[in-house]
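**Q** How does the following fold in three dimensions:
(one chain, ligands or ions: 1)
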Amino acid sequence: MARKKKKRKMNTLEKSVEEETTKGEKEDSSSAVQVTEPSDSVMSSVSAADGVAATALRSVIQRIQHAAERCGRRSDQVRLVAVSKTKPVSLLKQVYDAGHRCFGENYVKELVEKAPQLPDDIEWHFIGNLQSNKVKPLLTGVPNLAMVETVDDEKVANTDSASSLSLVNSRQIANQLNRVARDIGRKPLKVFIQVNTSGEETKSGVEPDGCVELVKHVTSNCPNLEFCGLMTIGMPDYTSTPENFKTLARCRGEVCKALGISEDQCELSMGMSGDFELAVEMGSTNVRVGSTIFGAREYPKKQSN
Ligand SMILES: *Cc1c(COP(=O)(O)O)cnc(C)c1O
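**A** I've put the predicted structure just below:
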């Protein structure tokens, strides 16, 4: 099936910058002032943190633009997902008010709680591991879910084998997303296929060898999903190397060849706080930046979906 080439809408970044610029002109030195302003208010510490997030957002946007310029790309070819997991709605609101619209969360329960408290023109990206039984709550609870970045093979511990991981129901998540998207009558859900590029045992991502097959499954059997590209986290400790990025780009080559599509029809979601500029220079179209915008995360204990 020939997929119709669509002009991708990726102007979130530009829009944020534009709105920020006009805002900056109007409000003078904007959030730098805000940090020291409401000194007698009990809200002052919150305001200070919020101002910091807006400033950090602006700086990340600029760094993306510079990275794009360095390699002759346009910055509107790069989407910034502001990864807001564990962060309070008030902080997301501040980043929203700074003009940003694309946010990423990776716990279903948290996203389903936050989404209704925020404007519905937010484009939510789900970037966490997804279990089949969480698909329905996610899609019904977040009507403005724009993308699921983490469609992968589901792996479970296999005690019978020397290898501790094995593939089971490898297409189950895609099928379930497809089914629920159809049942609730929403528009086709954009998805990325998550690829394990570290070569290490990790619970997330299809092996590079398996990605063509999984992409083909999605494009031929899941009409309510729209395949948009590939995603990787990198190493199990959430760092990445240039090798991880190269592997993902190589996977894109294979996918595009197998599907007969051009590379600009297959996005690359790679790059996080520590390496988003490198990722942009290596072709990323979707960077997921959390702590550099919102500050370090505090985990009381391991959270689950
Ligand atoms: C948390 C998370 C990020 C953001 O990580 P930072 O290092 O804080 O930028 C990006 N991608 C995924 C999948 C995540 O879970």
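**Q** for Thr140, what are its contacts?
**A** By Cβ atoms under 8 Å, 6 or more residues apart in numbering, Thr140 lies in contact with Val180, Ile184. Glycine gets a C-beta too; all of them are placed from N, C-alpha and C.
**Q** Using the three-state scheme, assign it.
**A** Judged by DSSP: H, G, I helix; E, B strand; the rest coil, the three-state class of Thr140 is helix.
**Q** Then Tyr299?
**A** Tyr299 - assigned by three-state DSSP - is coil.
**Q** where does the protein have low pLDDT?
**A** Within the chain, the ranges that satisfy pLDDT under 70 run 1-50, 154-170, 300-305.
**Q** Tell me where it has helices.
**A** Assigned by DSSP state H, the helices in the chain fall at 12-26, 30-34, 44-70, 89-97, 108-114, 132-141, 172-183, 211-221, 242-259, 276-281, 291-294.
**Q** roughly how far apart are the residue nearest to Glu105 when sequence neighbours are not counted and Thr219?
**A** With sequence-adjacent residues excluded and distances taken as Cβ to Cβ, 6 or more residues apart in numbering, Glu105 is closest to Leu111, at 4.0 Å. Per Cβ to Cβ, to the nearest Å, Leu111 is found 26 Å from Thr219.
**Q** picking up where we left off before, thought the residue nearest to Glu105 was touching Val142?
**A** Yes: under the criterion of Cβ atoms under 8 Å, Leu111 lies in contact with Val142, with a separation of 6.0 Å.
**Q** what sits in contact with each of the two?
**A** Common contact partners of Leu111 and Val142 (Cβ under 8 Å, 6+ apart): Trp124, Phe126.
**Q** out of the two, which sits in the busier spot?
**A** Leu111 (25 against 20; other Cβ atoms under 10 Å).
**Q** Can you say which of the helices of the chain is nearest to the ligand?
**A** helix 291-294 (3.4 Å; Cβ to the nearest ligand atom).
**Q** what does the closest one rub up against?
**A** Here helix 291-294 makes contact (Cβ under 8 Å, 6+ apart) with 53, 56-57, 60, 82-84, 87, 91, 95, 273, 276, 297.
**Q** Count residues in the vicinity of the nearest residue to Ala279 once chain neighbours are set aside, would you?
**A** Distances taken as Cβ to Cβ, 6+ apart place Gly271 nearest to Ala279, at 2.5 Å, with adjacent residues excluded. By other Cβ under 10 Å, 30 other residues sit near Gly271.
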